[in-house]
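Undergrad: starting from these lines, generate the structure:
(2 chains)
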Amino acid sequence: MTKEKSVPVWITYILLIAAIVSCLFGAYRGEIKTVYIKATNICMECIGIG
Amino acid sequence: MGNNRLKKHGLIRKGVQAAWGIISNGYLKGFLTASIYKGPLKNFCVPGMNCYSCPGALGACPIGAMQSIFDARRRKFAFYVVGYLAAIGLLVGRFICGWLCLFGLIEELLYKIPVPKLTVPKKLDKIMRYFKYAILLVMVFALPFFYRSKVGSGDPFFCKYICPVGTLEGGIPLVLLRSSMRSAVGALFRWKFAILILCVLASMFIYRPFCKYICPLGAFYALFQKVSLLKLSCDKDACVNCGACAKTCKMNVDPVQKPNSAECIRCGECTKVCPKNALSFQRKTLNHNLSSK
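TA: The predicted structure is shown next:
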């Protein structure tokens, strides 16, 4: 049977903290507003119109 | 008995997928008035593929949101969405693909249509699995981040040129509901409609082809599969190498050899079919050891 390499769990926790910090930083920069503006207007590109 | 457990599990999973699909697209007024939801929930992304231009969509699409924040003029990175998706991936890996993706459910239901099923040759399948990473890198990250048209604007390249989810959930309903949209249908819509039809047809013959070969969100979550806190564990002492799990897996993963393969959507069917209960989902801890004995 093959041996699957084990990644230490502390790496996962560090990455998780980094991800949360990234999310909060993005929110601080106003990216949530950008998401909201995009999501509340019909995306013509997404639906194949323009 | 294994078959009964598998059937029950399958029904539960379909139920969860359907319930999530209904909840996340529950803005019925949108379908009645040919509009889209503009409330506060749209500040947040749903964890699976779900076009935010669907009349019923209550949340934002993470892939669409990511591309909209990437701004080629100011080289702005999408920290909010990337951080959000990374956090989900680090917690549960591709669990979202298996349990909370409406388009994945649609593909699975199409696969149930009784037509002969195709087996993609292993070598070709292996190469094609990398397409989704290329699409993620080029069409979701690189092009929206670096490309500017002559007038200085960017484009959500994946959404605009490929995404069949947007066509199905947003394009078709809005074109049907609004005459102004119908008159604007052109070559781009026809192209995207053709891609959608291809996905629909392929889904009848191949299990989840969009998830396997195209979906950039699945590719993103797959990056975290091996480091996520949710793990699939195989008890090597209990395993009798009967191969039932690998036979059951429609994503062509061998759960004994690679329990945390990047291609596993963590549907859990292998855990239900194992006659020795050797496979189980566990939370990774400090003492968690994934190696064989």
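Undergrad: now do the domain split for chain B, please.
TA: By the assignment in automatic domain parsing, chain B contains the domains B:18-222, B:229-291.
Undergrad: and the next helix or strand past the biggest helix by length in chain A?
TA: Among the segments of chain A that qualify as a helix by DSSP state H, the longest is helix A:9-28. Using DSSP states H and E, the helix or strand that follows helix A:9-28 in sequence is helix A:31-39.
Undergrad: elements contacting that next one?
TA: Taking 3 or more CB pairs under 8 Å, 6 or more residues apart in numbering or on different chains; DSSP states H and E as contact, the helices and strands that helix A:31-39 lies on are helix B:62-69, helix B:79-92. Bear in mind the C-beta positions are built from the backbone N, C-alpha and C, glycine included.
Undergrad: briefly note if whichever helix or strand comes after the longest one comes near chain A.
TA: The C-terminal neighbour of helix B:79-92 among helices and strands, as given by DSSP H and E, is helix B:95-99. No - using CB under 8 Å from any CB of the partner chain, helix B:95-99 stays clear of chain A, with a minimum separation of 14.6 Å.
Undergrad: also stretch B:33-53?
TA: Yes - Stretch B:33-53 lies within reach of chain A by CB under 8 Å from any CB, at B:36, B:37, B:38, B:42, B:43, B:44, B:45, B:51, B:52, B:53.
Undergrad: so what's the closest residue to residue A:20 other than its chain neighbours up against?
TA: Closest residue to residue A:20 apart from its sequence neighbours, by CB to CB, 6 or more residues apart in numbering or on different chains: residue B:87 at 5.8 Å. Applying CB atoms under 8 Å, 6 or more residues apart in numbering or on different chains, one finds that residue B:87 lies in contact with A:16, A:19, A:20, A:23.
Undergrad: correct me, but residue B:99 touches residue B:13?
TA: Yes - contact status for residue B:99 versus residue B:13: in contact at 6.3 Å, counting by CB atoms under 8 Å.
Undergrad: grab the nearest non-local neighbour of the residue positioned nearest the centre of chain A.
TA: The central residue of chain A, meaning the one whose C-alpha is nearest the mean C-alpha position (CA atoms, centre = their mean), is residue A:23 at 6.9 Å. The shortest distance from residue A:23 to any residue that is not its chain neighbour, by CB to CB, 6+ apart, is 3.3 Å, and that residue is residue B:83.
Undergrad: what about the one you found, how many residues nearby?
TA: For residue B:83, the number of neighbouring residues by other CB atoms under 10 Å in any protein chain shown comes to 21.
Undergrad: if I pick it, what's in contact with it?
TA: When the contact criterion is CB under 8 Å, 6+ apart, the partners of residue B:83 are A:18, A:19, A:20, A:21, A:22, A:23, A:24, A:25, A:26.
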